[in-house]
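1. Please work out how this folds:
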Amino acid sequence: MKTVYEFTVRKTNGDEKSLRDFEGKPILIVNTASKCGLTNQFKGLQELYDKFNDNGLEILGFPCSQFNNQEYDNIEETTQFCQLNYGVSFPMFAKVDVNGNNEDPLFTFLKEQKKGVLSKEIKWNFTKFLIDKNGQVIKRYAPTTEPLKIEKDITKLL
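-> Alright, predicted model coming up:
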């Protein structure tokens with residue numbers, strides 16, 4: 001069975017990173033946007049990271065501009081915005097497409113594993129995917145699901 005560990009993603013500096021580096025840890029993968037009405041979710045994501053990272057939780061942020069172009073063009077602006085405004089210390093990666101012809105293969109896999117309410121397509125920024133320690137997608141959360149509401153699901157995986 002395929003897992004998230006089989007994927008490689010691009011870091012903000014353009015280098016590749018294997019998700020195998022996170023093997024054995026629960027992971028929350030989120031498509032993010034810095035100029036979105038839901039951007040305040042960075043605060044809750046960082047709270048989860050602060051609370052559970054020592055127990056193994058990883059949160060991986062993937063900036064995306066596919067929904068009303070709500071992400072900076074320059075990845076440096078994105079990372080500075082996240083750090084200055086929300087104290088983000090969890091890993092952020094290069095900007096990706098989560099739908100369409102150029103979608104990142106990781107998001108193709110995530111959507112195949114857990115479809116949304118009406119379709120597999122991601123409808124908006126801050127769609128969240130919870131991955132277990134074996135690299136399997138356990139649950140998909142709507143963009144409007146506040147990160148702290150995921151806490152009980154995370155604690156079951158730690």
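2. Break down this protein into its helices, ranges please.
-> All helices of the chain, identified by DSSP state H, fall at 41-52, 75-86, 105-113, 151-157.
3. Mind putting those helices into a markdown table with mean pLDDT, distance to Asp97 and mean neighbour count?
-> For every residue, glycine as well, the C-beta is placed using N, CA and C. Output for those, formatted as a markdown table (pLDDT from 0 to 100; distance: least, CB to CB, whole Å; neighbours: other CB atoms under 10 Å):
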| stretch | mean pLDDT | distance to Asp97 | mean neighbour count |
| --- | --- | --- | --- |
| helix 41-52 | 98 | 20 | 19 |
| helix 75-86 | 95 | 14 | 16 |
| helix 105-113 | 97 | 8 | 17 |
| helix 151-157 | 97 | 27 | 15 |
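4. and Lys11, which of those is closest to it?
-> Closest approach to Lys11 among the helices of the chain is made by helix 75-86 (9.5 Å; CB to CB).
5. one step back: to Trp124, which of the helices of the chain lies closest?
-> Of all the helices of the chain, helix 41-52 sits nearest to Trp124, with 11.3 Å by CB to CB.
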